[in-house]
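Novice: I would like to see how this sequence folds:
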Amino acid sequence: NLLWGIAISIQRGLQRDHGISVAIPDRAAFWANPLAAFETTFLDAVLSVLGEDHLVLMIDEVVRLPEEVRAERLERHVFDYLRHLMQHFERINFFFSLGSGVEEMKMDYAFLFGVALYHRISFLEPSAARALITKPAQGCYQVMPDAAEKILQVTSAHPYYTQLVCHCLFDRWLRAPKKQMTATDVDAVLNEAVELGSANLTYVWGDSTSQEKAAMAGMAAVMSTGGYPAT
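Specialist: Numbers count the residues shown, from 1 in each chain. This is a model prediction of the structure:
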């Protein structure tokens with residue numbers, strides 16, 4: 001099922017973005033011999049039509065794979081197979097996104113990334129965060145400096161939450177267009193941003209240790225009384 005789904009994603013992406021058509025072996029072939037159907041039949045056909053170009057597979061939330069293995073919905077050798085593809089197909093490039101660092105994963109699965117380069121993605125640099133806040137809105141409205149600073153104060157330049165507040169700000173502009181958006185507009189959309197991001201916030205809370213929860217609760221208490229960030 002996993003390889004069948006990856007094959008469908010590749011087929012749709014090539015057709016949609018590049019106008020390239022590649023046939024997928026029927027489901028029965030995947031059921032009978034998934035590795036042969038995916039690798040020998042499908043991937044060989046894909047790489048043939050790509051010529052010298054590379055196929056890039058971007059796989060998000062890879063830390064979910066161990067959960068599927070533990071739930072017995074996926075065989076453990078999926079990790080061996082992904083590593084096999086990484087090592088033996090020079091024109092297939094993988095980008096893996098992890099919700100947490102490699103060092104936090106169990107050693108049984110960390111070996112998958114032993115042949116990979118590792119880059120930690122964290123908070124944006126202030127200049128990059130300001131660009132994210134201001135540039136996409138150009139042509140619609142101007143994000144005033146006080147609004148940009150308010151967003152940075154609230155999100156600490158975290159890319160997801162910065163984008164989320166900007167999304168809410170844009171929705172506010174759609175409802176009442178004007179030339180400039182100020183800190184007042186940012187304040188007006190913060191409750192909506194928290195509501196939209198509640199699933200992610202709940203996940204962070206639920207995935208935290210008791211000590212981390214105590215620290216977050218303490219910071220929230222300090223910030224609620226003074227209206228300023230906790231140091």
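
Novice: Quick check: buried residues in stretch 66-84?
Specialist: Residues of stretch 66-84 classed as buried: 66, 69, 74, 78, 79, 81, 82, 83 (neighbour count, 16 or more other Cβ atoms under 10 Å). Any C-beta I mention is one placed from the backbone N, CA and C, and that applies to glycine too.

Novice: Which of the helices or strands spans the first one?
Specialist: Residue 66 is part of helix 64-70, with elements assigned from DSSP states H and E.

Novice: in the chain, what spans have low per-residue confidence?
Specialist: 99-109, 226-227 (pLDDT under 70).

Novice: redo that, cut-off 80
Specialist: Filtered on pLDDT under 80, the chain yields the residue ranges 63, 98-115, 224-231.

Novice: Counting only helices, which of the buried residues of stretch 66-84 make the cut?
Specialist: 66, 69, 78, 79, 81, 82, 83 (DSSP state H).

Novice: Distance to residue 209 for the residues you listed - can I get that in TSV?
Specialist: As requested, those are exported to TSV (distance: Cβ to Cβ, whole Å):
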residue	distance to residue 209
66	19
69	24
78	29
79	27
81	33
82	30
83	31
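
Novice: Show me the residue at the heart of the protein, geometrically.
Specialist: Residue closest to the mean C-alpha point of the chain, counted by Cα atoms, centre = their mean, is residue 60 at 5.7 Å.

Novice: Now do that one against residue 53, distance only.
Specialist: 23 Å (Cβ to Cβ, to the nearest Å).

Novice: now do residue 181
Specialist: Distance from residue 181 to residue 53, counting by Cβ to Cβ: 42 Å.

Novice: which of the two has more neighbours?
Specialist: residue 181 (25 against 11; other Cβ atoms under 10 Å).

Novice: if we can go back for a sec, quick check, nearest of the buried residues of stretch 66-84 to residue 230?
Specialist: When the buried residues of stretch 66-84 are ranked by distance to residue 230 (Cβ to Cβ), residue 66 comes first, at 33.8 Å.

Novice: For the helix holding residue 66, enumerate the helices and strands it packs against.
Specialist: helix 78-88, helix 107-110 (3 or more Cβ pairs under 8 Å, 6 or more residues apart in numbering; DSSP states H and E).
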